[in-house]
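sequence and predicted structure, then a few things I'm wondering about:
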Amino acid sequence: MSEHIVSAYDQELEGLGRKIAEMGGIAEHMLSDAMDALSALDTELANRVIGIDPRLDTLQREIEEAAILTIARRQPMAVDLREIVAAIRVSGDLERIGDLAKNIAKRTMSVATEPRVARAAVGLRHMSEIAAHQLKDVLDAYAQRDVERAQSVWSRDGELDSLEDSVFRDLLTFMMEDPRNISFCTHLLFCSKNIERVGDHATNIAETVVYLVTGEALPIDRPKGRLAPLSG
């Protein structure tokens, strides 16, 4: 491969990296803003979160298209191919994290007139802080190709599951105390599921980082600790 072709190829990989970094920043802000909106019942902020999501979708499509073109042009092998496959995988997980943040923002719109949400959502704030920390760590691990940090995120996957179980019990208590709490607590249950799934996608990215750097897969079974799943 000539020096010119190598240089062009490096630029293509750098371009993918820049788009991943932009997606990561957007996803982090969306999650933070969605939880701030829920905590403060701020519908204006919730609307902004919803409005940002199309940018994340566009970036994912651009990454996929650029990655496919790069494979077609360069026919990369070994670690170079893993770089491109990893970019596709990570962009997909970040797009889903954006969707989950958007879902929380939409739920905020549904409970915005309910003053009891602030008291009931304390556990959700704790969950979101842990999810945000996992997301930041795994994005740093991807940027730095840091296997140890990625494995640390992977090993903490069960932490959010356990917290989700705790939030479920707390919200169930609220609903039993007063039937008027049932409607908004149901929305909060789905928010807790969305936050837990952010952790799952962070763990997916951690697995991708390990694959990217080592060419090996982490075990299929992740550390877990949970009750029955809640869809939505």
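Done, it's in. Numbers count the residues shown, from 1 in each chain.

can you map out the helices along this structure?
Using DSSP state H, the helices found in the chain span residues 3-40, 43-74, 78-111, 117-120, 122-144, 147-155, 157-177, 182-214.

in this structure, which helix or strand is least confident?
helix 117-120 (a mean of 84; mean pLDDT, DSSP states H and E).

what pLDDT does the model give Ile221?
Not Ile; residue 221 is Asp. pLDDT recorded at Asp221 is 69.

ignore the last one, Arg116
86.

counting by contacts, list what the least confident helix or strand of the chain packs against.
Secondary-structure packing of helix 117-120 (3 or more CB pairs under 8 Å, 6 or more residues apart in numbering; DSSP states H and E): helix 157-177, helix 182-214. For glycine as for every other residue, the C-beta is placed from the backbone atoms N, C-alpha and C.

do you know which of the ones you listed lies nearest Ile71?
With CB to CB as the criterion, Ile71 lies closest to helix 182-214 of these, at 15.4 Å.

pLDDT score assigned to the residue nearest to the spatial centre of the chain?
Nearest residue to the geometric centre of the chain (CA atoms, centre = their mean): Ile97, 3.3 Å. At Ile97, the pLDDT value in this model is 98.

tell me who's in contact with it.
Contact analysis of Ile97 by CB atoms under 8 Å, 6 or more residues apart in numbering lists 27, 30-31, 135, 198, 201-202.

if anything else comes up later, I'll come back, but that's it for now.
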